[in-house]
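>>> Give me a model of this one.
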Amino acid sequence: MATSQEGLPIYTDYLTDNYYLIHPSMAGAANCAKLRLTARQQWFGQEDAPKLMTMSVNSRIGDTPSAVGGILYTDKNGYHSQTGAYATYAHHLMFSRSPVDLNMLSFGLSAGIIQYKLDETSFLFDGPDPIIDGTVQSETNFNLDFGFSYQFLDYYAHGTVKNLIKNSGVNSDQNITSNLRRYLFSLGAVFGSYGSTWSYEPSIMFQYRDATKEGGIDINAKAYKQMDFGKIWGGISYRQSSDGAEYLTSTNSVKSQKLQQITPILGVNFNEFMFAYTYTYQSNSLVFTNGGFHQFTLGYNFNCRKEAYHCNCPAVN
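Next comes the predicted model:
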């Protein structure tokens, strides 16, 4: 479900206090402006293993209901790579009279420019080939993401359509890569007893890819412990695709397996700084390697408003 060449990949980055990476409506939704840096390395020890790096920042425009954000990223997966930049505008409508009872509807639009590359310089071929020309193929596309968020007290919902525009296709694949549209929907809540330093956040995220009719679901659970210096938190995420891939066993029988990933999460907020680590383990029977996917996230909160929202809502406080 987190394939290359589709704009910014949909990993579990959003669970490390980074919903803006996948939902443009979350730009400026928080009490503070947010800067986030993410580095993800898959399959340590494997040559040309997938790597992803992102930098994002988002903030309100003064005391207005408008907000802006930006994302830079680079994603490399073997011979394929892409580099992209997104700019976001979001608007937040407050239906409550004060931050005491959070009731906010948000809309966001991101415009992105993505350059795709396919390095064929090391491909082996005997002569002229209509598909392989032995050069670095590249193509630059423009696309749009649009989404909404609704946050009411300790509950939230997000919906986003990514890659609204159909392009000419990437690497001459007209049938699939011309339509990179993907639908995301997140739903969750944070629960905690009055006066307790503990809170708990179950959530789910659905995603569906339009061209290939592939779907998937994330089931997530996180816990937070309030400390004098900030908070510590951790959790686990389980991802499964709705479609399976067939493979041949050692006995020549055909079996099918669905993508299954388990991701533990650990993070800490120390004053205005944030650090998080996730490790993704693919639990399928047939995998490329037994090594996991490591991800580190560094964050910094700034320009915080004087009064935070009165709710168990880590994504906006």
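>>> For residue 179, list the residues it contacts.
163, 166, 210, 211 (Cβ atoms under 8 Å, 6 or more residues apart in numbering). In short, each C-beta sits where N, CA and C put it, glycine included.
>>> For the third one, which non-adjacent residue is spatially closest?
In space, and not counting its chain neighbours, residue 210 is closest to residue 181: 4.1 Å by Cβ to Cβ, 6 or more residues apart in numbering.
>>> And the first one, by the same measure?
Nearest non-adjacent residue to residue 163, counting by Cβ to Cβ, 6+ apart: residue 180, 4.0 Å away.
>>> before we move on, what about residue 94?
Per Cβ to Cβ, 6+ apart, closest to residue 94 is residue 104, 5.4 Å.
>>> Surely that neighbour touches residue 96?
Yes - with contact taken as Cβ atoms under 8 Å, residue 104 and residue 96 are classed as touching, separated by 7.5 Å.
>>> more crowded one of these two?
residue 104 (20 against 14; other Cβ atoms under 10 Å).
>>> Which residues does the residue nearest to residue 94 form beta bridges with?
Beta bridges link residue 104 to residue 94, residue 151 when assigned by DSSP bridges.
>>> ok, now which ones touch it?
Per Cβ under 8 Å, 6+ apart, neighbours of residue 104: 29, 92, 93, 94, 95, 96, 149, 150, 151, 152, 316.
>>> of these, closest to residue 192?
Residue 192 lies nearest to residue 316 out of those, by Cβ to Cβ, at 15.2 Å.
>>> Apart from its chain neighbours, what residue comes closest to that closest one?
Closest to residue 316 by Cβ to Cβ, 6+ apart is residue 30, at 4.8 Å.
>>> That neighbour and residue 203: what is the separation?
17 Å (Cβ to Cβ, to the nearest Å).
>>> which of the two has more neighbours?
residue 30 (25 against 21).
>>> Residue 53: which element?
strand 51-60 (DSSP states H and E).
>>> Give me the buried positions along that strand.
Along strand 51-60, these residues count as buried under the neighbour rule (16 or more other Cβ atoms under 10 Å): 52, 54, 55, 56, 57, 58, 59, 60.
>>> Which elements pack onto that strand?
Strand 51-60 is packed against strand 33-42, strand 66-77, strand 80-94, with contacts defined by 3 or more Cβ pairs under 8 Å, 6 or more residues apart in numbering; DSSP states H and E.
>>> Tell me which of those sits nearest to residue 296.
strand 33-42 (5.2 Å).
>>> out of the contacts of residue 104, who's nearest residue 141?
residue 149 (26.0 Å).
>>> what's the helix or strand of the chain with the lowest mean pLDDT packed up against?
One helix or strand of the chain scores below all others by mean pLDDT, DSSP states H and E: strand 230-248, with a mean of 84. The contact analysis (3+ Cβ pairs under 8 Å, 6+ apart) places strand 230-248 against strand 214-226, strand 254-270.
>>> a markdown table for the ones you listed, including mean neighbour count, distance to residue 80 and mean pLDDT?
Below are the helices and strands packed on strand 230-248 laid out as a markdown table (neighbours: other Cβ atoms under 10 Å; distance: least, Cβ to Cβ, whole Å; pLDDT from 0 to 100):
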| stretch | mean neighbour count | distance to residue 80 | mean pLDDT |
| --- | --- | --- | --- |
| strand 214-226 | 17 | 18 | 96 |
| strand 254-270 | 16 | 19 | 86 |
